[in-house]
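> sequence isn't available, so here's the structure alone:
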């Protein structure tokens, strides 16, 4: 319930800001910086939340994250200037990452080996449904008023209630990861480069899709669909893509997906259509490709990972994705300001060309993973909603035991909370 409220509010907030910013006359460059701010805050939240939770405990940290996220939304309503929105968006990203990590830590603690896969699947579906519902709710009102800002703030506050009144014990310390580029590159060069390019591409689209839709004349309902359909298409295609990637060289699967992504980029650039049906169909093709890349890349990296390093490799890749997400929206925003709305897909297309080129190079120079060394493909939520705890939730018990430091014990803050409960 807490995760559903959190993702619903996040869906509302992520879409109302670019739509309202466009209506207020913000430049595409400043709206792109919203995505950069979010990515900086999100990566920082993934790195710093474990230390915060160790100090004050899970319940208090989660409550603080949700409360600050609500304040950030309302502050965006009160002060509608880019100079305020950009740092406030970074604050939202920090709180969102922290709250998501705490929820996932709780699920991880309460699941056993037999139920872990089912719980992870349900959690993924809840996130997808809540995010989509949050975006689609914008079709029910006027984006020029205050309603959607207040709604997002209210639902962020609702998100803290299930944990605040919970009588269960708090989980063990959160998963901590660090960015060791040398180790990640040694493990899988293509995974590092590809996930960086996917971060550039996906964050550019995720931040500025609504701006593109508004500038080609889509209605508010069509803009909401334009932002939501790609996510749904990416989720739907993950299972067949996963089945194929478990049987073939994952690099070849990634190359095929990237070719289709480039096709979508080219059609957006060359078709020049503003017909909603065609634009939405192209968005489905785009989403089915770009939002199915990350799970294939993560699976390929884990094919090469040493036993007991799955969580650290997955967490490291997430941070690399975050770095790409910092640069992508800024580049795309300035490009749209200088060259027009369609140049959004010039930026995503450039990222996909670089990804394709490097993948072909690695395919020719490095051997394929043998079938017996492959891990099973695992469908994932969209990458911008992943945290290091997501990797822990999706891991098996052996990986969790290998990642857990020897002799780790609950923190003093958690023990105090347990006694109170």
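Structure's in. What do you need? Quick caveat, the model's predicted, so the values are computed rather than measured.
> pull the number of nearby residues for residue 71.
Close neighbours of residue 71, defined as other C-beta atoms under 10 Å, add up to 16. Placement of C-beta: from N, CA and C, glycine included.
> that one: which element?
Counting by DSSP states H and E, the element that carries residue 71 is helix 58-78.
> what about residue 54, helix or strand, and which?
Take DSSP H and E as the rule and residue 54 turns out to sit in helix 28-56.
> so that helix versus helix 58-78, what angle?
Helix 28-56 and helix 58-78 are oriented at 160 degrees to each other (axes from the mean of the first three to the mean of the last three C-alpha atoms, to 10 degrees).
> please compute how far helix 28-56 lies from its chain's middle.
On the basis of C-alpha atoms, centre = their mean, to the nearest Å, helix 28-56 is displaced by 12 Å from the centre of the chain it belongs to.
> the helix holding residue 71 - contacts with which helices or strands?
Identification of packing neighbours for helix 58-78 by 3 or more C-beta pairs under 8 Å, 6 or more residues apart in numbering; DSSP states H and E yields helix 2-23, helix 28-56, helix 82-110, helix 147-164, helix 412-420.
> quick one: it to helix 147-164, angle?
Orientation check (the same axes, to 10 degrees): helix 58-78 against helix 147-164 gives 170 degrees.
> which parts of helix 58-78 are buried?
Of the residues in helix 58-78, those buried by neighbour count under the rule 16 or more other C-beta atoms under 10 Å are 58-77.
> where's the closest residue to residue 347 other than its chain neighbours, which helix or strand?
In space, residue 347 comes closest to residue 332 once its chain neighbours are excluded; the distance is 4.3 Å by C-beta to C-beta, 6 or more residues apart in numbering. Applying DSSP H and E as the criterion places residue 332 in helix 310-339.
> ok, residue 202 next?
According to DSSP H and E, residue 202 maps onto helix 189-215.
> quick check: angle from that helix to helix 28-56?
On the basis of the same axes, to 10 degrees, helix 189-215 is oriented at 120 degrees to helix 28-56.
> and the next helix or strand past helix 189-215?
Towards the C-terminus, the helix or strand next in line after helix 189-215, according to DSSP H and E, is helix 220-247.
> hang on, residue 37 packs against residue 83?
No. Contact between residue 37 and residue 83 fails when scored by C-beta atoms under 8 Å: they sit 11.2 Å apart.
> circling back: in the helix holding residue 332, what's buried?
By neighbour count, with 16+ other C-beta under 10 Å as the criterion, the buried positions of helix 310-339 are 310-337.
> if you average the pLDDT over stretch 17-32, what comes out?
Confidence over stretch 17-32, taken as the mean pLDDT, stands at 93.
> contact partners for residue 19?
Applying C-beta atoms under 8 Å, 6 or more residues apart in numbering, one finds that residue 19 lies in contact with 138, 143, 210, 214, 220, 223.
> show me the contacts for residue 30.
21, 82, 85, 86, 333.
> so the first one touches residue 84, yeah?
No. Taking C-beta under 8 Å as the definition, residue 21 is not a contact partner of residue 84, at 11.4 Å.
> how about the nearest residue to residue 155, chain neighbours excluded?
Using C-beta to C-beta, 6+ apart and skipping residues adjacent in sequence, the residue nearest residue 155 is residue 9, 4.0 Å away.
> and that neighbour, what does it touch?
Neighbour list for residue 9: 69, 73, 134, 152, 153, 155, 156, 159 [criterion: C-beta under 8 Å, 6+ apart].
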